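> here is my input; please provide its structure:
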Amino acid sequence: MDNNIKEIIRKSYNKNANLRSSIIPDWKRNEINKFLSQINDDKLKLLDLGAGSGTFAEYFTKKGLDVYCIDISKSMIDICLAKDLEGEVMDFYNLDFEPEQFNLIWSMNTLLHVPKKDIHIVLDEVQRVLKKNGIFYLGLYGGVSTEGIYEEDIYEPKRFFAFYLRDELLDIVKSHFKVIKCDETILEGDRNFLSMILTSKEK
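Next up, the predicted model:
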C-alpha cells in the first residue's frame, strides 16, 4: 500500500475518533442479521477487521461471539479497549495471526480505504487467517468505480476511498473466496452499498 495513504488514514481516524457514531442504523442491522443467519454456533472466534470504535464488536460480543478487534488507529483501539473489548493496533495488510485462526471475519466499510491495486494483498491475508468453511462478510459503499482522496470529506486529513461497481468487486473476490450471497442496496443520496457473504476456498 502507498504508505502516504496509510498514514493519512491513521491520522484521520486518530484525530476524528470522537465523531464515530455508536448508533447502528436499521440498514446496517439488516446486514448484521444477514451475516448472523449464516452462523449455527455462537461460540465462534470473530475478527473485526477495521473495528473503529467497536460498535459492531460490542453487538457481536453480546450475541456470544468471541470478538477480536484490529484497527490502524490507536485512538480507535483505545475506545474498543475502554469498552472491555479485546484488540490491538494492526495493519490488515499484515495480519499478525497464525493461519486459520478465525471462524468469522467482519469488514464493513473498511477495505474501501485500500487502493484497488492492493486489494488482493488484503484479501490474501483474510483468506490466510480464515478457517476452512469460515465466513467472511465484506461490505463496501459502491455503485460507482472511482478511487482517490475524497475532497468533500468532513474529516481532516481527508481520507482515501476506493468504490466499486458490483460486478467489478465480484470478479476480484471470486479469485479468493466462494461467494454465498451478493447484494446491492440503494441508500439515500447517491450511494449504494455492496455486501457479500463469502466462504473460504479449499486450501
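> for Ser53, see how far away Leu187 is.
To Ser53, Leu187 is 21 Å away according to Cβ to Cβ, to the nearest Å. To be clear about C-beta, it is placed using only N, CA and C from the backbone, and glycine gets the same treatment.
> between the two, which one's more packed in?
Taking neighbours as other Cβ atoms under 10 Å, Leu187 and Ser53 compare with Ser53 leading, 26 against 12.
> helix, strand, or coil at Ser22?
coil (DSSP: H, G, I helix; E, B strand; the rest coil).
> show me where the protein has its helices.
Along the chain, the segments classed as helices by DSSP state H run 3-15, 26-36, 55-62, 74-82, 119-129, 166-173.
> can I get the ones you listed in a markdown table with distance to Glu88?
Output for the helices of the chain, formatted as a markdown table (distance: least, Cβ to Cβ, whole Å):
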| stretch | distance to Glu88 |
| --- | --- |
| helix 3-15 | 14 |
| helix 26-36 | 23 |
| helix 55-62 | 13 |
| helix 74-82 | 6 |
| helix 119-129 | 14 |
| helix 166-173 | 26 |
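> make a markdown table out of those and add mean pLDDT, mean neighbour count and distance to Leu140.
Below are the helices of the chain laid out as a markdown table (pLDDT from 0 to 100; neighbours: other Cβ atoms under 10 Å; distance: least, Cβ to Cβ, whole Å):
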| stretch | mean pLDDT | mean neighbour count | distance to Leu140 |
| --- | --- | --- | --- |
| helix 3-15 | 95 | 16 | 15 |
| helix 26-36 | 96 | 14 | 11 |
| helix 55-62 | 97 | 19 | 15 |
| helix 74-82 | 97 | 19 | 19 |
| helix 119-129 | 97 | 18 | 10 |
| helix 166-173 | 97 | 15 | 7 |
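> out of those, nearest to Tyr155?
helix 3-15 (4.8 Å; Cβ to Cβ).
> pull the distance from that closest one to the chain's centre.
Here helix 3-15 shows a centroid-to-chain-centroid distance of 16 Å under the convention Cα atoms, centre = their mean, to the nearest Å.
> so what's Met90 up against?
Residues in contact with Met90 (Cβ atoms under 8 Å, 6 or more residues apart in numbering) are 70-72, 96.
> max-length strand in the protein?
In the chain, assigned by DSSP state E, the strand with the most residues is strand 130-142.
> send me it as PDB with only the CA atoms.
The C-alpha atoms that make up strand 130-142 are tabulated as PDB, following Å, rounded to 0.1, in the frame of the first residue of the first chain:
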ATOM      1  CA  LEU A 130      -9.900 -17.600   7.900                       C
ATOM      2  CA  LYS A 131     -10.600 -21.200   9.000                       C
ATOM      3  CA  LYS A 132     -11.800 -23.800   6.500                       C
ATOM      4  CA  ASN A 133     -15.600 -23.200   5.900                       C
ATOM      5  CA  GLY A 134     -15.300 -19.900   7.700                       C
ATOM      6  CA  ILE A 135     -17.500 -16.900   6.800                       C
ATOM      7  CA  PHE A 136     -16.200 -13.600   5.700                       C
ATOM      8  CA  TYR A 137     -18.600 -10.600   5.500                       C
ATOM      9  CA  LEU A 138     -17.400  -7.900   3.100                       C
ATOM     10  CA  GLY A 139     -19.500  -4.600   2.900                       C
ATOM     11  CA  LEU A 140     -18.500  -1.500   1.000                       C
ATOM     12  CA  TYR A 141     -20.100   1.600  -0.300                       C
ATOM     13  CA  GLY A 142     -20.100   1.400  -4.100                       C
END
